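Enquirer: Fold the following.
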Amino acid sequence: MYVVDNLLQHVLSTGNRELAVSVMLAISRVLESDFIGIIHRRMRDECYPKPPAQGGFPPEEEVVSFMILMNTLDLAKEYLERVASSRGYVSETQRVGVATASTQTLRDSFPFHRDADSVADSLHTMNVALSAKAKELLNDGILALFDEFLWPRIKLVLTTSFQDAVYDMSEGESLDEEDVDGDTMEQVSPRFEGEWLALTRPLKRIMTPRTYAALMSLTANKLATVLEKRAWSFSGRVTALGSLRLESDFSGIISVIAKDNYALREPFTRLQEILTIANMEDDEWDELGSGYDSSKQERSRFLSDEEMAKARTIVRR
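Expert: Numbers count the residues shown, from 1 in each chain. From the prediction side, this is the model:
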């Protein structure tokens, strides 16, 4: 991209509109076919994170190489946007109200008629086309990294975290000293946190902030779906005391996932509402159902009436 920046600088300094437009078209073709194409082929053929055998995990060196190629593509995309901006291109959101100032650099080199606007449009077209190609490949890479590497491990983390978790304890059992003061009440979220950090910290160190954030967003959405199914699977098998532990465990997991990015809580909103309704006292539920002439929208933003009623069956009453 440094070569591209220098080439654009020299071409734009000539003040020749036809030459500038022609060179930018050539740059776009070369970057798309060679640069992005080579990265695509290497990601696909050399280091795709595929396990050597069914049920296994891909070699770590391949996963690291795959992420490094993603980093190269993401940083190149960002650098190209900076190059285009520094040479006179301004994004659509920036154009309003600043068009004259934004093209001042180009107008110095292309003072005649609408030459500066024509060159700026060519820069815009080149940037948008290459950014779209890079974004598509990055999205495919993030999905592959999630499907082949991250999610199989997260499933093991969930299995380990919920191992021996009990949600049908009676009131008498809750008074046991070991249950109150020991690790029993808070065994799930600490287990999950330890495994989660061991899994995600290396990814965060290697990946760019944007690609890591996209991977975590995908992970949070998938986990929200899986944990919601797990909550529904407890229907009729959770005591009143167990429901408090269930809500605490799930809330602890959500807090771990969203620790560095509060926005990752959003996919879990339905799950949190399900657990809240499941834990309501009978009088609270009756008041919600009949009091204040509440509309469905006011009663729940995310659950239907049927789902709310189903949530009440999670706890055995």
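Enquirer: the domain parsing of this structure - what is it?
Expert: Domain assignment of the chain by automatic domain parsing yields the ranges 2-141, 162-312.
Enquirer: Okay, the residue nearest the centre of the chain and residue 24: tell me how far apart.
Expert: Nearest to the mean C-alpha position of the chain, by CA atoms, centre = their mean, lies residue 217 at 2.0 Å. For residue 217, the distance to residue 24 (CB to CB, to the nearest Å) stands at 34 Å. For the C-beta atoms, the positions are set from N, CA and C on the backbone; glycine is no exception.
Enquirer: Let's verify the most far-flung residue of the chain relative to its centre: helix, strand, or coil?
Expert: Relative to the centre of the chain, and counting by CA atoms, centre = their mean, the farthest-placed residue is residue 112 at 46.4 Å. The three-state label given to residue 112 by DSSP: H, G, I helix; E, B strand; the rest coil is coil.
Enquirer: The one 5 residues further on too?
Expert: Following three-state DSSP, we place residue 117 in the helix state.
Enquirer: what does residue 264 give?
Expert: Assigned with three-state DSSP, residue 264 falls in the helix class.
Enquirer: Could you give the number of residues near it?
Expert: By the measure other CB atoms under 10 Å, the count of residues near residue 264 is 20.
Enquirer: Output the below-cut-off pLDDT ranges for the stretch 151-300 of the chain.
Expert: For the stretch 151-300 of the chain, applying pLDDT under 70 flags the ranges 171-186, 290-299.
Enquirer: cool, and the stretch 1-150 of the chain?
Expert: In the stretch 1-150 of the chain, residues with pLDDT under 70: 87-105.
Enquirer: Residue 49 - that's part of a helix, no?
Expert: No. Counting by three-state DSSP, residue 49 falls outside a helix, being coil.
Enquirer: Am I right that residue 221 is in contact with residue 267?
Expert: Yes. Judged on CB atoms under 8 Å, residue 221 makes contact with residue 267 at a distance of 4.7 Å.
Enquirer: quick one: which of these two has more around it?
Expert: It is residue 267, of residue 221 and residue 267, that has more neighbours when counted by other CB under 10 Å, with 22 against 14.
Enquirer: for the more buried one, what are its contacts?
Expert: Under the criterion of CB atoms under 8 Å, 6 or more residues apart in numbering, the neighbours of residue 267 are 220-221, 223-224.
Enquirer: mind redoing it with 6 Å?
Expert: By CB atoms under 6 Å, 6 or more residues apart in numbering, residue 267 lies in contact with 220-221, 224.
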